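# The amino acid sequence is not available; the structure is as follows:
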């Protein structure tokens, strides 16, 4: 872990249970601010479950139970007293399948600022929307049709719209759950570029099943297997010189 | 704008709105819970209020008379043959038994009132008992029949408002030429007296006001009109002074439009006509004489006040008194209302029952099940499993979805003009009703069956096809058994809806009055009958008030059946629920 | 044992035998190796049994449905032909009867005058501009009324004279008591009596033949009934022969086919599929039946009452004809008050049902825990399962008096128990579970990813529901509401019992109003003269009701289907 960057998230002994089943075992990891961290591993290994702990999305599942400590900037996330609504304004999330709301492009992006009351005038709101769309690299494509429904965009554009929607509330952390798995290679490249551009202002965590993607976009990589965090380190090290045999096998494509 | 610098203010903005957002969240959630609460409350009120209204229908006040089956009345031909008994005069037998209870009643009008305590439709029942056992002829026979409906309601406290007070002060009862004189040592009638005075004073005020108006009009009127009004004024004056005289006199007369006062002492019943102004004495008519051998205390007596004079149209004071007397003598007893569960409809509420309608419903449902379940399931299997994708199939699909939402009354019109007029099926018969209801139920069953078939995963079909089963074999050997619980649930719900359906049956003439219990047989299918919901419709606004509790009780029977059906469906769904 | 039972039993035996023979023949053909057969042996059995039983059963069923009618018709035909001599004597007598002929001529003349007046009236009524002449129109109408009354009187005396002649003839014939004479007398009654008399005669004949209690019992009726019994017995014999012949023929034909190469299973399955297809065609037949029966009578109605008068007229009073011969005002058939009453009650019902039903659905699908759902859902299902007649009872006897008391206390006078408000409120309650269960389905099919997206933005649950879930579910909810409206429009019992019958054109919910369905019930229950305009108007109302609900259903189903496709 490089010491130049500040640690944004400090995770200690996190366990997740779905009813009787344990989905995550004793996860410990530090995640740096202003960088991209990727979680890799075979499907069902718990990487998405872990991601959903970071903005308490597991709360929406009745039988999920999370133990352990997740500290963001000195604040305990996994504390019942912390309001998930406030937390999620600070920790944004982008999902596997683009999920624009059944609203116009403008209203999709304005959704967050509106519910959180971030803009007091229409002008301010328009400014936020424009800024977010610009940052998400979508402004040039949609500036003349902001009133069209969000669902009328192509898959890649939808995913960028969703990213713009997430940035609009100006979060500190952005979680991305396999954001490119439903997209074609060109759209994927566009999103990867975008992630790289966003890196300086946000702490970005991305779950991916594509090792190439992890190698391309992230500075730090964590490998999950069967609910355990097997290995974490700078991306270069993980891909070139893994310590654990399981990591090596996975990187070499022996299982997946 | 740099992101990092704006963050603290942003978090502040989020937190500032938080309380308001959570209040709105709580309001929204409360609205949702409130909606369910309202729906459930209405359900409770609905069932509760109908259940409450149905209560009087479950018990009945029964007359248990010892009738004298004298030969000349019940066996006029003298050979105890069926013909002879059928020619007998059983109404007279019952009337004689009543006369024996009240031998003092002699005038014709009063006798007629007395005989109205029971309904003459009970005579055939007595005749049947004699027909069954001709040995009864010439004997005393204990016969039970329901009390007339209005008097039954009276005993249940639903006909008139009545209060009664028990006294422990001696009451002397003497009779003179003009009637009976009641005299107590304490002013027992004072309470009543003051309320009577108020009534009369109110009358005087009202009369005075009317008189003043007349005088005003008279001042404006001319000639003949003025003269007429003058006459009216003098009449009013006379009425006022008569009322005033009452107030000033020794006693107050009880008028017909005032509450009735009835004294009950030592088995005797007296209806008060006047009350003395000191509240010590009253004049009365003796309606029922006291028991001669009564050793009951003369200082133990009851004053009953019937507050509702307008109810006299439905039951006279004498009838109320006789009824009370028969209760005292233990001849009228309250029992479980077997008539309601054993009889078919009747013009007389006390004899009317739901058995006919219940059997009609059973017959109708049998037809509905026989027709709609096999046809519905077959159609669903065809559409879900075999139908090729073509315009005909599409049309059938659209059709079925639309039929499911066609108002039920339209099916009634179809039944009337196609099944009755064109095909000549019998009116009002369970057969016709069943046919109409099965057409109505068909879409429900088809849609439920298709959903159940759809829920069977394709892997089952592929597995069966994979071992070389034909598509028919696949469906009948593998898919259908797995879908059976779902189909059954859908069928039960469809049938329970058919059980409660009324409107289409009105169209095919099921509103007819049917006094026989239909036979549970093939013949019963084509004979006129009625069904439970229609029975409710026939009773709910009948002129006799006693039909209303019976309509409510018929609803309770209907609801019991429907809720049982639904519970069965829910149980089956839970028991066989299978997640793939 | 009746001949029917014997026939059925024989048929059963034949079917069972068919199965056995088919199966064993196949076994023989297989030479001990079932694999040699194309299909399993049972299929050969099914095949033979089906061909033995099916045609015979179809004939039996047709007899069960139409046999009695056919016997009645045959008997009536026999009786009328036996009465041919008597009828011709009667015709001659009619022609010779001076007063009858005079009346006939008078009636014809009066009818032509009345017809002429009617066409004059129609011309004048359609006239526009200067040709309009309301005063003359009124005069003509009055004139026609008088003429028609006169005509009716003449026709009555004509009919009386005719029946007098007929009964005189019958009285002379009564002396002959032989069976044939009696039968010709019966035929004569059937041929010459008035329609209702003839129908009564036929009913009594049927009742005597069946051994039931007739309304009258005469020797003529008896011999007619005897003929009916004979006819029925004859038909039964013929039927037995046909059924047995069909069974045997089918059996032999099918047996001939059985061989090891024969594709028995495919044949049986083809038959099964055809049967299944026919079952699903019943849905189409039902719709055709509904449309045909409504159209047929409605067309006749609209030939009497013009369409625009029906759809735009403001007064509804289908005159109740007290006597059959009463002419004069045929009533007013302007259905606008009915449409307005229906709309008012539907509106009240929707105001109750939409918010409660929707909120209940939202709570059940988004907030409620599994245990709460397990209790609340069946409660709503019970509400949905309560028969409408029960709701009607509740509306009239609990809600109606409550509303009267409530508004009476608030100072409204003359509030009636039967009002649009009480019917509408209770109908709303009836619709609540309908809307809640349809919306529940719709809300549940909104994909979870949309909810997750909203939660991940930091939205609260209610914000997510209001701003994401409901907009996404809107088309489906609109469809559900449309279906609910169509159901409210077609609901009958609640309004029949609780809304009153007065055709008031009012927007005041405290007054009694009437609806389309109430009027259909009023017009088609109880004693009705068929073919009167009054009765026909019920079919026109039925047609309107059917069309309104059909349009709403089609739109609703389309919307819901589109919505489903979007998220599936």
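Looks like it came in fine. Model, not experiment: these values are computed from the prediction.
# which residues are contacting stretch B:290-310?
Contact partners of stretch B:290-310, identified using CB atoms under 8 Å, 6 or more residues apart in numbering or on different chains, comprise B:159-173, B:188, B:192, B:256-268, B:317, B:320, B:324. For every residue, glycine as well, the C-beta is placed using N, CA and C.
# Tell me which stretches of the chain form strands.
Since no chain was named, I'll use chain A. Assigned by DSSP state E, the strands in chain A fall at A:7-18, A:21-32, A:36-40, A:64-72, A:75-76, A:91-94, A:173-177, A:203-207, A:220-225, A:228-234.
# Chain C was what I was after
Going by DSSP E, chain C shows strands at C:316-317, C:332-333.
# thinking again about what came up before, just the buried subset of the contacts of stretch B:290-310, written out for PyMOL, thanks.
To isolate the buried ones among those in PyMOL, judged by 16 or more other CB atoms under 10 Å in any protein chain shown, type:
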select buried, chain B and resi 159+160+162+167+171+173+188+192+258+259+260+261+262+263+264+265+266+267+268+317+320+324
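# Which ones among the contacts of stretch B:290-310 map onto helices?
When DSSP state H defines the helices, the subset of those inside them is B:192, B:317, B:320, B:324.
# Next, format these as JSON lines and append pLDDT and distance to chain A.
Compiled in JSON lines, the ones in helices among the contacts of stretch B:290-310 are given as follows (pLDDT from 0 to 100; distance: CB to the nearest CB, whole Å):
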{"residue": "B:192", "pLDDT": "81", "distance to chain A": "70"}
{"residue": "B:317", "pLDDT": "87", "distance to chain A": "70"}
{"residue": "B:320", "pLDDT": "91", "distance to chain A": "65"}
{"residue": "B:324", "pLDDT": "91", "distance to chain A": "66"}
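# Out of those residues, which comes closest to chain C?
Closest approach between the ones in helices among the contacts of stretch B:290-310 and chain C, by CB to the nearest CB: residue B:320, at 25.9 Å.
# what separates the residue of the stretch 351-500 of chain B found nearest chain A from chain C, distance-wise?
Closest approach between the stretch 351-500 of chain B and chain A, counting by CB to the nearest CB: residue B:459, at 21.7 Å. Going from residue B:459 to chain C by CB to the nearest CB, to the nearest Å gives 19 Å.
# Let's verify that residue: helix, strand, or coil?
helix (DSSP: H, G, I helix; E, B strand; the rest coil).
# for it, what are its contacts?
Residue B:459 makes no contacts at all, as judged by CB under 8 Å, 6+ apart.
# Tell me the confidence at it?
For residue B:459, the pLDDT comes out at 88.
# how about the helices in chain A?
A:47-54, A:84-90, A:105-116, A:122-135, A:139-142, A:155-167, A:185-198, A:211-217, A:235-240, A:245-251.
# how about these in a markdown table, adding mean pLDDT, mean neighbour count and distance to chain B?
Shown next, in a markdown table, are those (pLDDT from 0 to 100; neighbours: other CB atoms under 10 Å in any protein chain shown; distance: least, CB to the nearest CB, whole Å):
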| stretch | mean pLDDT | mean neighbour count | distance to chain B |
| --- | --- | --- | --- |
| helix A:47-54 | 91 | 24 | 17 |
| helix A:84-90 | 90 | 22 | 5 |
| helix A:105-116 | 93 | 24 | 5 |
| helix A:122-135 | 93 | 17 | 7 |
| helix A:139-142 | 92 | 16 | 16 |
| helix A:155-167 | 92 | 25 | 9 |
| helix A:185-198 | 91 | 16 | 10 |
| helix A:211-217 | 91 | 19 | 20 |
| helix A:235-240 | 91 | 17 | 25 |
| helix A:245-251 | 90 | 17 | 32 |
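# need those in CSV with distance to chain C, can you?
As requested, those are arranged in CSV below (distance: least, CB to the nearest CB, whole Å):
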stretch, distance to chain C
helix A:47-54, 9
helix A:84-90, 4
helix A:105-116, 5
helix A:122-135, 12
helix A:139-142, 18
helix A:155-167, 7
helix A:185-198, 16
helix A:211-217, 20
helix A:235-240, 26
helix A:245-251, 28
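# can you give me phi and psi for the residue in the stretch 151-300 of chain B positioned nearest to chain C?
Residue nearest to chain C within the stretch 151-300 of chain B: residue B:158 (13.7 Å; CB to the nearest CB). Main-chain torsions, residue B:158, degrees, to the nearest 10: phi -110, psi 0.
# Confirm for me that it is in contact with residue B:57.
No - applying CB atoms under 8 Å, one finds residue B:158 not in contact with residue B:57, separated by 11.0 Å.
# Looking only at neighbour counts, state which of these two leads.
Using other CB atoms under 10 Å in any protein chain shown as the criterion, residue B:158 and residue B:57 rank with residue B:57 on top: 25 against 15.
# show me the contacts for that one.
B:337, B:340, B:549-550, B:552-553.
# For those, work out which two are farthest apart.
The span of these, defined through CB to CB, is set by B:337 and B:552 at 12.9 Å.
# before we move on, back to that, tell me the contacts of the residue of the stretch 151-300 of chain B closest to chain C?
Counting by CB under 8 Å, 6+ apart, residue B:158 has contacts B:56, B:545.
# And the nearest residue to residue A:178 once chain neighbours are set aside, how close does it get to chain B?
Using CB to CB, 6 or more residues apart in numbering or on different chains and skipping residues adjacent in sequence, the residue nearest residue A:178 is residue A:96, 4.4 Å away. Applying CB to the nearest CB, the value for residue A:96 to chain B is 24 Å.
# Check residue A:7 too.
According to CB to the nearest CB, residue A:7 and chain B sit 16 Å apart.
# got the contact list for the most centrally placed residue in chain A?
Centroid-nearest residue in chain A, with CA atoms, centre = their mean: residue A:175, separated by 1.4 Å. Residues counted as contacts of residue A:175 (CB under 8 Å, 6+ apart) are A:51, A:54-55, A:91-94, A:205-207, C:456.
# Tell me what it is bridged to.
Following DSSP bridges, residue A:175 is listed with bridge partners residue A:93, residue A:205.
# What's the local residue count around residue B:185?
11.
# Verify the contact between it and residue B:167 for me.
No - between residue B:185 and residue B:167 there is no contact under CB under 8 Å: 10.8 Å.
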